[in-house]
Structures are given as C-alpha cells and as structure tokens.
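**Q** What would the 3D arrangement of this be:
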Amino acid sequence: MKANKNQIERALDAPGGDIRLFLLHGPDEGGSAALAKRLERAMGPGAERIDLDGPTLKSDPARLADEAAAFSMFGDKRWIRVSLSGDEGLAAVEALLEGPAGSNPVVAIAGALKSSAAIMKLALTNPVVMAFASYAPEGRDADQLAMAMARDLGVRLAPDAARRLSDLTGGDRGQLAGEVEKLALYLDAAPDRPADADMEVVEALQSGPVEESLGALVNAVLGGDMARMAAELTKARALGASLAGTVRLLAGRAMLLAGIRAEYDRTGSLDSAVDGAGKAVFWKDKGAVSKQVRIWSPDRLARLLHRLNDAERASRSPLGDLLIEHEMLSIARQAARSR
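**A** The predicted model follows:
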C-alpha cells in the first residue's frame with residue numbers, strides 16, 4: 001500500500017504489526033536511506049542487521065524469507081536491509097509475502113522504480129507492504145532539512161548557513177547529510193555537546209583540509225592503499241577528525257558502491273553505472289569509486305557493511321579508536337588482496 005510521509009515515519013519508528021516489508025523508492029535515495037535509519041534507531045544499537053542485495057536475492061529467492069524468520073544467534077533483535085534495482089528481487093519479495101509472517105522487519109531501498117515495475121505493482125496492492133517515494137527537497141524545505149540533520153548531530157546551524165549547504169548540494173539529501181556530518185566532525189559536536197555553525201564555519205570547511213583528508217582516507221581504505229591509509233589516518237588525527245564519524249562515512253560509501261555494483265552487474269557498463277549515481281559521486285572521486293566497484297563484489301560489500309556496523313558499535317567503548325583503526329586496516333588489506 002502507498003504511504004504518506006507521516007505514515008511511513010510512524011511505522012518505521014515503531015516496527016511491528018502486520019507490515020512485513022517497507023519499500024523505500026524514488027529518485028532521492030538519500031531520503032530513502034534516511035528513512036531506513038529510523039528503523040535502525042527503532043531497533044536499537046544492539047540489533048543485528050542483515051544486508052542483502054538484488055543479485056544475491058535473484059540467485060537465492062528463498063533467502064529473504066529465511067532471514068526474516070530467523071532468530072539472532074545472540075538473542076538480540078534482528079532486521080534486514082535490502083538494496084534493490086528494478087525487479088531483480090521480485091521472486092524473493094513474493095516468497096517473503098507468501099510465507100508465514102517473520103518477526104524481523106525488512107526494509108528495501110529500491111531507487112527510482114517505474115510505475116510499471118512488477119515489484120511496485122505488488123507493493124501498492126499488498127496490505128502488508130508499505131511503499132513510500134522520496135523526492136529531493138527544494139527551497140525552504142531543503143533549508144529546514146539541513147537544520148534538522150545538523151540538530152540530530154548536535155550542530156546548531158544558522159539559517160544562512162543552512163541555505164548555503166542546500167545550495168551547495170542542490171538539495172541532494174545524501175550530499176547534504178555528508179556535509180552536515182563533516183561539520184559535526186570538524187566541530188567535535190554531538191547531541192550531548194552541541195556546537196554552533198555559522199556561514200564562516202561552513203565556508204571554511206568547503207574544500208578545506210578536514211574534508212580532503214577524510215575523503216582521501218575513505219578512498220585509501222576501500223581502495224586497499226595501505227601506505228596512503230596510514231598517512232591519511234595520521235593527518236585525520238592531527239586535524240581532530242572523529243574516527244567514529246569516519247566509520248559512518250565508510251558505511252555511506254559502501255552503500256553507494258552496492259548500488260553502483262548492482263547496476264554494473266545488470267548492464268555490464270561501469271561508466272554508465274557510476275554516472276547513473278549522479279551527484280552522489282563527487283567528480284574528483286569517480287576514478288577511485290570505479291576502482292572500488294571492481295574490488296568489492298556484492299557479497300563482500302554485504303559483509304563489509306556488517307563489519308562497519310560492528311565497528312560503529314565498538315567506537316563507544318574505551319578502546320573505540322584502537323578497534324576502529326584495526327578494522328580499517330583489515331578492510332584495507334582485504335581490498336589490497338582483491339585489486
């Protein structure tokens with residue numbers, strides 16, 4: 001069934017009941033990802049997340065229903081996040097809906113689906129599926145979104161600074177989230193230690209050393225460049241960047257790679273798959289992203305996202321930074337072996 005914004009937000013904030021699948025689609029994939037985050041928060045920090053993608057479900061249509069019905073090995077809550085492109089996961093979704101109800105909620109991020117897509121028709125006519133389309137915010141809505149995102153991270157963003165960020169990102173939610181994340185890292189802000197960000201801070205951060213260092217660190221880790229990773233890690237420490245925030249940036253890039261890799265596997269054209277990601281890929285990073293898509297297979301990306309989720313949890317411990325550094329080193333080594 002089709003949901004409006006209030007309905008989908010309420011349902012994701014309190015999963016349960018009859019809804020077996022949340023289908024988040026539309027051209028604003030960043031908006032869909034933000035909605036999926038609401039489910040993640042609702043499940044709690046100890047919940048186990050299972051990441052699946054279209055090619056995996058196409059090759060094993062029963063996997064989704066099995067995961068939705070499975071119990072966590074550690075007795076924690078469990079939920080499934082799926083990355084889809086077109087109708088590649090249709091058989092898996094049909095199996096999920098036809099089987100007995102599972103206790104684990106499923107959220108699928110499907111991009112800009114056509115109204116003629118079979119999976120869309122199935123979602124709109126099935127009462128146990130909730131479908132919602134996200135579109136890029138514009139004007140005042142984009143400014144308000146920037147301020148709300150910043151507030152969630154402990155940043156009090158001035159109205160003119162919010163307008164500047166929305167103009168810089170063209171209202172793209174994914175890019176906007178990235179810019180707000182960088183502000184929080186730069187200011188060492190958090191909900192329990194808020195900080196102010198005005199136009200001067202926003203302008204200072206654009207193309208500044210923190211942005212360049214974090215972007216270079218992400219590319220080094222996922223590209224398997226061990227020497228560059230060590231150098232950028234040292235630079236990030238000197239600039240006061242948060243390693244926990246860096247893990248979130250790595251997870252965001254991994255999700256981006258999963259979407260591009262699915263399109264690449266479907267069409268066989270890497271250039272068109274990267275170009276199809278639009279503004280989510282900064283023009284300077286296109287070469288690095290293309291190399292990373294070749295390095296990370298869908299299965300490896302699913303495992304990588306699970307590891308990064310564990311690393312983010314570990315960041316809250318007294319040895320958080322040390323554990324994160326060890327995890328980044330392991331990821332870089334795996335990427336180096338696959339180059």
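**Q** pLDDT value on the residue most central in space within the chain, please?
**A** The residue lying closest to the centre of the chain (Cα atoms, centre = their mean) is Gly252, at 4.3 Å. pLDDT for Gly252: 83.
**Q** Excluding chain neighbours, what is closest to it?
**A** Gly178 (6.9 Å; Cβ to Cβ, 6 or more residues apart in numbering). Backbone N, C-alpha and C define where each C-beta goes, glycine included.
**Q** could you pull out the helices for the stretch 201-339 of the chain?
**A** Ranges of helices in the stretch 201-339 of the chain, per DSSP state H, counting those that start in this stretch, are 209-223, 226-238, 243-267, 270-276, 286-295, 298-314, 320-338.
**Q** just so I know, which of the ones you listed lies nearest Asp188?
**A** helix 243-267 (9.5 Å; Cβ to Cβ).
**Q** Adding distance to Ala117, write the helices of the stretch 201-339 of the chain out as JSON lines.
**A** Below are the helices of the stretch 201-339 of the chain laid out as JSON lines (distance: least, Cβ to Cβ, whole Å):
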{"stretch": "helix 209-223", "distance to Ala117": "31"}
{"stretch": "helix 226-238", "distance to Ala117": "40"}
{"stretch": "helix 243-267", "distance to Ala117": "14"}
{"stretch": "helix 270-276", "distance to Ala117": "16"}
{"stretch": "helix 286-295", "distance to Ala117": "24"}
{"stretch": "helix 298-314", "distance to Ala117": "20"}
{"stretch": "helix 320-338", "distance to Ala117": "33"}
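**Q** Which one, of the ones you listed, ends up nearest to Asp76?
**A** It's helix 298-314; of the helices of the stretch 201-339 of the chain, that one is closest to Asp76 (Cβ to Cβ) at 11.1 Å.
**Q** neighbouring contacts of the closest one?
**A** 45-46, 49-53, 55-56, 244, 247-248, 250-251, 254-255, 257-258, 261-262, 265, 296, 320, 323-324, 327, 330-331, 334, 338 (Cβ atoms under 8 Å, 6 or more residues apart in numbering).
**Q** Tell me which helix or strand comes right after the host helix or strand of the residue nearest to Gly252.
**A** For Gly178, the host element (DSSP states H and E) is helix 173-187. Per DSSP H and E, the first helix or strand lying C-terminal to helix 173-187 is strand 195-197.
**Q** what comes up buried for that next one?
**A** Within strand 195-197, the residues scored as buried using 16 or more other Cβ atoms under 10 Å are Ala195, Ala197.
**Q** can you check stretch 320-336 too?
**A** Buried, per 16+ other Cβ under 10 Å, within stretch 320-336: Gly320, Leu323, Ile324, Glu325, Glu327, Met328, Ile331, Ala332, Gln334, Ala335.
**Q** Out of these, which comes closest to Asp271?
**A** The closest of the buried residues of stretch 320-336, once distances to Asp271 are taken by Cβ to Cβ, is Ala335, at 21.1 Å.
**Q** what's near enough to touch the closest one?
**A** Val221, Leu222, Gly223, Gly224, Gln292, Ile295, Trp296.
**Q** and the second one, what is it in contact with?
**A** So that's Leu222. Leu250, Arg253, Ala254, Leu257, Gln292, Ile295, Trp296, Ile331, Ala332, Ala335.
**Q** how close does the fourth one sit to Leu250?
**A** The span separating Leu257 from Leu250 equals 10 Å under the rule Cβ to Cβ, to the nearest Å.
**Q** Check the offset of stretch 158-170 from the chain's centre.
**A** On the basis of Cα atoms, centre = their mean, to the nearest Å, stretch 158-170 sits 22 Å off its chain's mean C-alpha point.
**Q** Would you mind pulling the contact partners of that stretch?
**A** With Cβ under 8 Å, 6+ apart as the criterion, stretch 158-170 contacts 136-137, 142-147, 150, 157, 175-176, 179-180, 196-199, 201-203, 206, 279.
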